Every structure is written in structure tokens, then in C-alpha cells.
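**Student:** coords please:
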Amino acid sequence: KWESTRGVGHSFGANRNERPEDIVTATELVRSFADIVAKNGNLLIGIGPDEFGRFPAEQLVPLRGPGAWLRVNGDAIYRTRPWVMAQTTTTAGTGVRFTRSDNGDVNAILLDVTEREFGIRGVDATGVDQVRMLGLGEPVDWRVDDGLLMLRLPERLPVSPAHVLNLGTGARPR
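**Tutor:** Numbers count the residues shown, from 1 in each chain. As a prediction, the model looks like this:
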């Protein structure tokens, strides 16, 4: 285990010299968090009160993003371990991070979705028997092409800083 420690801005407390562009976005926090967890780490986020003992709103706003994301995608984080491979990319170039749930399911966390059709590199999907996206009420179209997991996502995806695909227990590294 290891830990990444950061503030929401350039410091761990309220800093009146920080501008709005100095504050991390919720999207950046979620993607960083997924990357760290996939590599067997923890994320510690430091915030601090102002001179009146209150937490400035600009420090609290980015913290709500990971909370909302975890309500939908927590199964890919809680009670998980790193998979045998921490990261890869899709055939469209999107970053992917992996976790493994207690039940053996492999979770592929897409750090961004720029294309609706793509494959996930480095994964032997010949044993995959299901693919579902957490938080999505409809199935994901998928197929295995020469061992490569190919996906076609629905036109309408929930707004999210990262999307999670549960690959069941059949995924193996290539």
C-alpha cells in the first residue's frame, strides 16, 4: 500500500492567494483516485478552514464529485484490489484502469469516453461472459474479436468523469 497526498489547491489549507483555476476539478480528482486505487494506493485530500474556521466553498465543491461518482461506481472501488494489470488504453487511446472485486470480477474504469466503439488493449476477453456499465440501465453491446474485447457504448451515457465496465470473472491479461 502507498498513499498519494494532495490539497484541492496548491496548499492544504485555505489560501486566499489561490485563484479558481488553482483548484482541482471533481473530474481530475475522480480520475486521479481511480488511477491511484488501481495501483494499490490511497488518496488523501487535504482541505483547511479559513481564518473564521469555515471551509471555503471552492474547496468543498471538488470533493462532492468523488462522492457522487462513488455512489454509482463504488463497486469498482470498495472491497477491491488491484488486478494483475493496473492500466492500459483503449484502441481509441482512452486511459483504462483496472480493479478486481472480492468476487473476482474485473472492473475496467474508462478515464474518458471519446469514442462509442473501441477495444480494450491488453485484455484477453475469450472468457468474458458479461459486460455491464455501472449506473447504466441498458446493456452494453460487446463482442470478442480474436481475443480483444470490442465494445459499442449507447449513444446516451450518464454524465460522469469516468465510466466503469464490469467484465465479470473471465477477463485475463494478454
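
**Student:** contact partners of stretch 163-172?
**Tutor:** 73, 75-76, 103-110, 113, 123-135, 140, 149, 151, 153, 157 (Cβ atoms under 8 Å, 6 or more residues apart in numbering). Every residue, glycine included, has its C-beta placed from N, CA and C.

**Student:** any buried residues in stretch 144-157, and which?
**Tutor:** Using 16 or more other Cβ atoms under 10 Å as the burial criterion, the residues of stretch 144-157 that qualify are 144, 148-151, 153.

**Student:** state the mean pLDDT of that stretch.
**Tutor:** Per-residue pLDDT values across stretch 144-157 average out to 94.

**Student:** with stretch 108-122 instead?
**Tutor:** Computed over stretch 108-122, the mean pLDDT rounds to 96.

**Student:** in it, what counts as buried?
**Tutor:** When burial is assessed from 16+ other Cβ under 10 Å, stretch 108-122 yields the following buried residues: 108-112, 118-120.

**Student:** and the buried residues of stretch 144-157, which of them are in helices?
**Tutor:** The members of the buried residues of stretch 144-157 all map outside helices under DSSP state H.

**Student:** which members of those residues occur in strands, if any?
**Tutor:** Judged by DSSP state E, strands contain the following of these: 144, 148-151.

**Student:** and of these, the nearest to residue 2?
**Tutor:** Here the nearest of those to residue 2, counting by Cβ to Cβ, is residue 149; it sits at 29.3 Å.

**Student:** contacts only, for the residue nearest to the spatial centre of the chain.
**Tutor:** Nearest residue to the geometric centre of the chain (Cα atoms, centre = their mean): residue 34, 3.9 Å. With contact taken as Cβ under 8 Å, 6+ apart, residue 34 is in contact with 76-77, 97, 109, 111, 162.

**Student:** for those residues, work out which two are farthest apart.
**Tutor:** With distances taken as Cβ to Cβ, the most widely separated pair in the contacts of residue 34 is 77 and 111, at 14.0 Å.

**Student:** quick one: pLDDT of the nearest residue in space to residue 154 that is not next to it in sequence?
**Tutor:** Distances taken as Cβ to Cβ, 6 or more residues apart in numbering put residue 138 closest to residue 154, at 5.8 Å, once the chain neighbours are dropped. Model confidence at residue 138, given as pLDDT, is 79.
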